[in-house]
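Asks: The sequence isn't on hand, but the structure is:
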(Lines give C-alpha, C1' and ligand atoms only; values in the text may rest on other atoms or scores of the structure.)
Protein backbone atom coordinates (compact mmCIF):
# COMPACT_ATOMS: atom_id res chain seq x y z
CA UNK A 1 0.00 0.00 0.00
CA UNK A 2 2.95 2.34 0.52
CA UNK A 3 3.35 2.82 -3.24
CA UNK A 4 -0.28 3.83 -3.71
CA UNK A 5 -1.59 7.39 -3.73
CA UNK A 6 -4.73 8.52 -1.97
CA UNK A 7 -7.16 10.48 -4.16
CA UNK A 8 -10.21 12.02 -2.52
CA UNK A 9 -13.49 13.72 -3.41
CA UNK A 10 -16.48 12.38 -5.33
CA UNK A 11 -15.63 14.00 -8.70
CA UNK A 12 -11.95 12.99 -8.67
CA UNK A 13 -12.64 9.37 -7.74
CA UNK A 14 -15.52 9.09 -10.21
CA UNK A 15 -13.30 10.44 -13.02
CA UNK A 16 -10.63 7.86 -12.24
CA UNK A 17 -13.21 5.06 -12.33
CA UNK A 18 -14.51 6.28 -15.69
CA UNK A 19 -11.22 6.96 -17.43
CA UNK A 20 -8.55 4.86 -15.63
CA UNK A 21 -10.38 2.17 -13.63
CA UNK A 22 -7.36 -0.14 -13.51
CA UNK A 23 -5.50 2.45 -11.44
CA UNK A 24 -8.11 2.29 -8.65
CA UNK A 25 -7.22 -0.46 -6.16
CA UNK A 26 -9.61 0.27 -3.29
CA UNK A 27 -12.31 2.82 -2.41
CA UNK A 28 -13.16 3.82 1.13
CA UNK A 29 -16.45 5.48 2.06
CA UNK A 30 -17.34 7.07 5.35
CA UNK A 31 -20.05 5.15 7.18
CA UNK A 32 -23.63 6.17 6.52
CA UNK A 33 -23.19 7.73 3.08
CA UNK A 34 -25.86 6.51 0.65
CA UNK A 35 -27.03 9.51 -1.41
CA UNK A 36 -27.45 9.19 -5.22
CA UNK A 37 -23.90 10.38 -6.07
CA UNK A 38 -22.47 7.69 -3.80
CA UNK A 39 -24.76 5.06 -5.29
CA UNK A 40 -23.54 6.02 -8.76
CA UNK A 41 -19.96 5.72 -7.54
CA UNK A 42 -20.68 2.28 -6.08
CA UNK A 43 -22.20 1.17 -9.39
CA UNK A 44 -19.06 2.25 -11.25
CA UNK A 45 -16.87 0.46 -8.71
CA UNK A 46 -18.90 -2.74 -9.07
CA UNK A 47 -18.78 -2.50 -12.87
CA UNK A 48 -14.98 -2.25 -12.74
CA UNK A 49 -14.58 -4.82 -9.95
CA UNK A 50 -13.04 -2.34 -7.52
CA UNK A 51 -13.27 -3.24 -3.84
CA UNK A 52 -15.21 -0.83 -1.62
CA UNK A 53 -14.78 -0.60 2.15
CA UNK A 54 -16.19 1.53 4.92
CA UNK A 55 -14.27 3.64 7.41
CA UNK A 56 -15.09 6.14 10.10
CA UNK A 57 -14.91 9.76 8.99
CA UNK A 58 -12.13 10.48 11.47
CA UNK A 59 -10.04 7.77 9.80
CA UNK A 60 -10.49 9.41 6.41
CA UNK A 61 -9.67 12.79 8.00
CA UNK A 62 -6.35 11.33 9.15
CA UNK A 63 -5.53 9.92 5.72
CA UNK A 64 -5.85 13.08 3.64
CA UNK A 65 -5.50 16.83 4.02
CA UNK A 66 -8.54 18.40 2.44
CA UNK A 67 -12.30 18.05 2.09
CA UNK A 68 -12.69 14.41 1.09
CA UNK A 69 -16.54 14.35 1.02
CA UNK A 70 -16.43 10.93 2.65
CA UNK A 71 -14.71 9.33 -0.36
CA UNK A 72 -11.05 8.25 -0.54
CA UNK A 73 -9.50 5.96 -3.16
CA UNK A 74 -6.15 4.21 -3.10
CA UNK A 75 -4.73 4.33 -6.62
CA UNK A 76 -1.55 3.57 -8.51
CA UNK A 77 0.79 6.59 -8.87
CA UNK A 78 -0.13 9.58 -11.03
CA UNK A 79 1.14 9.82 -14.58
CA UNK A 80 2.77 13.04 -15.73
CA UNK A 81 3.61 12.85 -19.43
CA UNK A 82 7.07 13.46 -20.87
CA UNK A 83 7.90 15.89 -23.67
CA UNK A 84 7.80 13.17 -26.35
CA UNK A 85 4.04 12.95 -25.76
CA UNK A 86 3.56 16.40 -27.32
CA UNK A 87 4.43 15.30 -30.84
CA UNK A 88 2.02 12.36 -30.59
CA UNK A 89 -0.74 14.63 -29.28
CA UNK A 90 -0.25 17.17 -32.06
CA UNK A 91 -0.09 14.48 -34.73
CA UNK A 92 -3.56 13.24 -33.83
CA UNK A 93 -5.13 16.65 -33.23
CA UNK A 94 -7.75 17.67 -35.78
CA UNK A 95 -8.02 21.38 -36.50
CA UNK A 96 -5.92 24.12 -34.94
CA UNK A 97 -4.36 22.91 -31.66
CA UNK A 98 -4.64 24.94 -28.46
CA UNK A 99 -2.04 24.30 -25.77
CA UNK A 100 -1.67 25.88 -22.33
CA UNK A 101 1.71 26.56 -20.71
CA UNK A 102 1.93 27.40 -17.00
CA UNK A 103 5.34 28.93 -16.38
CA UNK A 104 6.04 28.11 -12.76
CA UNK A 105 2.57 27.97 -11.18
CA UNK A 106 3.29 26.47 -7.76
CA UNK A 107 -0.08 26.57 -5.97
CA UNK A 108 -1.86 23.17 -6.27
CA UNK A 109 -5.27 24.84 -6.20
CA UNK A 110 -4.32 27.10 -9.11
CA UNK A 111 -2.99 24.15 -11.11
CA UNK A 112 -6.16 22.16 -10.43
CA UNK A 113 -8.37 25.08 -11.46
CA UNK A 114 -6.32 25.62 -14.64
CA UNK A 115 -6.62 21.93 -15.57
CA UNK A 116 -10.38 22.09 -15.09
CA UNK A 117 -10.67 25.21 -17.27
CA UNK A 118 -8.31 23.81 -19.91
CA UNK A 119 -10.41 20.67 -20.22
CA UNK A 120 -13.59 22.73 -20.55
CA UNK A 121 -11.98 24.86 -23.27
CA UNK A 122 -10.85 21.87 -25.34
CA UNK A 123 -7.11 22.30 -24.73
CA UNK A 124 -5.04 19.37 -26.00
CA UNK A 125 -2.41 19.48 -23.22
CA UNK A 126 -1.14 21.56 -20.30
CA UNK A 127 2.63 22.04 -20.21
CA UNK A 128 4.65 22.84 -17.07
CA UNK A 129 8.37 22.96 -16.28
CA UNK A 130 9.64 20.01 -14.24
CA UNK A 131 11.24 22.27 -11.65
CA UNK A 132 9.55 24.91 -9.48
CA UNK A 133 6.04 23.97 -10.56
CA UNK A 134 3.07 22.23 -8.95
CA UNK A 135 2.44 18.70 -10.16
CA UNK A 136 -0.36 16.15 -9.86
CA UNK A 137 -1.32 15.62 -6.22
CA UNK A 138 -4.52 14.65 -4.45
CA UNK A 139 -5.26 18.34 -3.82
CA UNK A 140 -4.80 19.17 -7.52
CA UNK A 141 -7.09 16.33 -8.57
CA UNK A 142 -9.77 17.39 -6.07
CA UNK A 143 -9.82 20.98 -7.39
CA UNK A 144 -9.69 19.78 -11.01
CA UNK A 145 -12.98 17.86 -10.51
CA UNK A 146 -11.94 15.03 -12.83
CA UNK A 147 -10.08 17.07 -15.46
CA UNK A 148 -6.72 15.79 -14.18
CA UNK A 149 -7.72 12.32 -15.35
CA UNK A 150 -8.50 13.30 -18.94
CA UNK A 151 -6.23 16.18 -19.97
CA UNK A 152 -2.51 15.37 -20.35
CA UNK A 153 -0.14 17.24 -18.02
CA UNK A 154 3.25 17.39 -19.73
CA UNK A 155 6.35 18.21 -17.67
CA UNK A 156 9.35 19.46 -19.67
CA UNK A 157 12.97 19.98 -18.66
CA UNK A 158 13.57 23.12 -20.73
CA UNK A 159 10.45 25.21 -21.35
CA UNK A 160 12.16 27.64 -23.74
CA UNK A 161 13.37 24.77 -25.92
CA UNK A 162 9.89 23.24 -25.91
CA UNK A 163 8.40 26.53 -27.11
CA UNK A 164 10.96 26.63 -29.93
CA UNK A 165 9.94 23.12 -31.02
CA UNK A 166 6.28 24.06 -30.98
CA UNK A 167 7.03 27.15 -33.07
CA UNK A 168 8.87 24.95 -35.56
CA UNK A 169 5.68 22.89 -35.85
CA UNK A 170 3.77 26.02 -36.82
CA UNK A 171 2.24 27.03 -33.49
CA UNK A 172 2.14 30.67 -32.41
CA UNK A 173 3.18 31.42 -28.83
CA UNK A 174 1.03 34.02 -27.07
CA UNK A 175 2.31 35.15 -23.67
CA UNK A 176 0.46 37.18 -21.06
CA UNK A 177 2.16 40.17 -19.42
CA UNK A 178 0.79 43.21 -17.63
CA UNK A 179 3.09 45.57 -19.50
CA UNK A 180 2.09 44.30 -22.97
CA UNK A 181 0.87 46.94 -25.44
CA UNK A 182 -1.78 44.77 -27.05
CA UNK A 183 -4.94 43.61 -25.30
CA UNK A 184 -6.09 40.00 -25.35
CA UNK A 185 -9.15 40.80 -27.48
CA UNK A 186 -6.96 42.20 -30.27
CA UNK A 187 -5.00 38.96 -30.61
CA UNK A 188 -5.99 36.36 -33.21
CA UNK A 189 -6.08 32.94 -31.54
CA UNK A 190 -7.97 31.04 -34.21
CA UNK A 191 -4.80 29.40 -35.54
CA UNK A 192 -2.48 26.86 -33.85
CA UNK A 193 -1.84 28.56 -30.51
CA UNK A 194 0.21 28.10 -27.36
CA UNK A 195 -1.08 30.28 -24.52
CA UNK A 196 1.54 31.02 -21.85
CA UNK A 197 0.50 32.09 -18.36
CA UNK A 198 3.07 33.30 -15.85
CA UNK A 199 3.55 32.29 -12.23
CA UNK A 200 1.60 33.73 -9.32
CA UNK A 201 2.94 37.22 -8.65
CA UNK A 202 6.11 36.96 -10.75
CA UNK A 203 4.60 36.39 -14.18
CA UNK A 204 6.59 34.76 -16.96
CA UNK A 205 10.31 34.24 -16.64
CA UNK A 206 12.55 36.34 -18.89
CA UNK A 207 13.59 33.47 -21.15
CA UNK A 208 9.98 32.35 -21.58
CA UNK A 209 8.94 35.89 -22.47
CA UNK A 210 11.69 36.11 -25.10
CA UNK A 211 10.29 33.02 -26.83
CA UNK A 212 6.79 34.45 -27.23
CA UNK A 213 5.63 35.59 -30.67
CA UNK A 214 3.07 37.94 -29.11
CA UNK A 215 2.48 39.49 -25.70
CA UNK A 216 -1.03 40.39 -24.57
CA UNK A 217 -2.63 41.83 -21.46
CA UNK A 218 -6.09 41.78 -19.92
CA UNK A 219 -7.77 45.20 -19.73
CA UNK A 220 -8.05 46.10 -16.04
CA UNK A 221 -10.69 48.74 -15.26
CA UNK A 222 -10.68 48.53 -11.46
CA UNK A 223 -8.19 49.24 -8.73
CA UNK A 224 -6.51 45.79 -8.73
CA UNK A 225 -3.53 45.37 -11.04
CA UNK A 226 -3.90 41.67 -11.87
CA UNK A 227 -6.13 38.60 -11.59
CA UNK A 228 -5.49 35.24 -9.98
CA UNK A 229 -3.67 33.07 -12.54
CA UNK A 230 -6.46 30.50 -12.76
CA UNK A 231 -9.07 33.23 -13.34
CA UNK A 232 -6.88 34.92 -15.98
CA UNK A 233 -6.33 31.53 -17.64
CA UNK A 234 -10.08 31.04 -17.91
CA UNK A 235 -10.59 34.48 -19.47
CA UNK A 236 -7.82 33.91 -22.04
CA UNK A 237 -8.79 30.36 -22.98
CA UNK A 238 -12.43 31.18 -23.48
CA UNK A 239 -11.55 34.17 -25.62
CA UNK A 240 -9.78 31.64 -27.86
CA UNK A 241 -12.90 29.44 -27.74
CA UNK A 242 -15.10 32.45 -28.63
CA UNK A 243 -12.92 33.38 -31.60
CA UNK A 244 -12.82 29.82 -32.90
CA UNK A 245 -16.58 29.38 -32.51
CA UNK A 246 -17.22 32.66 -34.34
CA UNK A 247 -15.00 31.57 -37.20
CA UNK A 248 -16.85 28.32 -37.85
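Replies: In hand now; what should we look at? For clarity, every value in this text was computed on a predicted model and none was experimentally measured. Residues are numbered from 1 along each chain as shown.

Asks: what about the residue positioned nearest the centre of the chain, distance to residue 137?
Replies: Centrality entry for the chain: nearest residue to the mean C-alpha point is residue 115, 1.9 Å, by Cα atoms, centre = their mean. Plainly put, residue 115 is 12 Å away from residue 137 if you go by Cβ to Cβ, to the nearest Å. Where you see a C-beta, it was placed from the backbone N, CA and C, and this is true even at glycine.

Asks: do residue 118 as well
Replies: Distance from residue 118 to residue 137, counting by Cβ to Cβ: 17 Å.

Asks: Mind checking which of these two has more residues around it?
Replies: residue 118 (26 against 18; other Cβ atoms under 10 Å).

Asks: Might you report the residue contacts of the more buried one?
Replies: 100, 126, 147, 151, 233, 237 (Cβ atoms under 8 Å, 6 or more residues apart in numbering).

Asks: 10 Å instead, please
Replies: For residue 118, the contact set (Cβ atoms under 10 Å, 6 or more residues apart in numbering) comprises 98-100, 102, 124-126, 144, 147, 151-153, 195, 233-234, 237.

Asks: farthest pair in the residues you listed?
Replies: The two members of the contacts of residue 118 with the most space between them (Cβ to Cβ) are 152 and 234, at 19.1 Å.

Asks: so which of the contacts of residue 118 comes closest to residue 203?
Replies: residue 102 (11.8 Å).

Asks: what's around the closest one, how many residues?
Replies: Around residue 102 there are 27 other residues, counting by other Cβ under 10 Å.

Asks: cool, and residue 210?
Replies: Other residues close to residue 210 by other Cβ under 10 Å number 11.

Asks: what does the one 3 residues further on give?
Replies: Summarising burial for residue 213: neighbours were counted as other Cβ under 10 Å, giving 13.

Asks: doesn't residue 174 make contact with it?
Replies: Yes: with contact taken as Cβ atoms under 10 Å, residue 213 and residue 174 are classed as touching, separated by 6.9 Å.

Asks: hey, what's in contact with both of the two?
Replies: Both residue 213 and residue 174 are contacted by 193, 194, under the criterion Cβ under 10 Å, 6+ apart.
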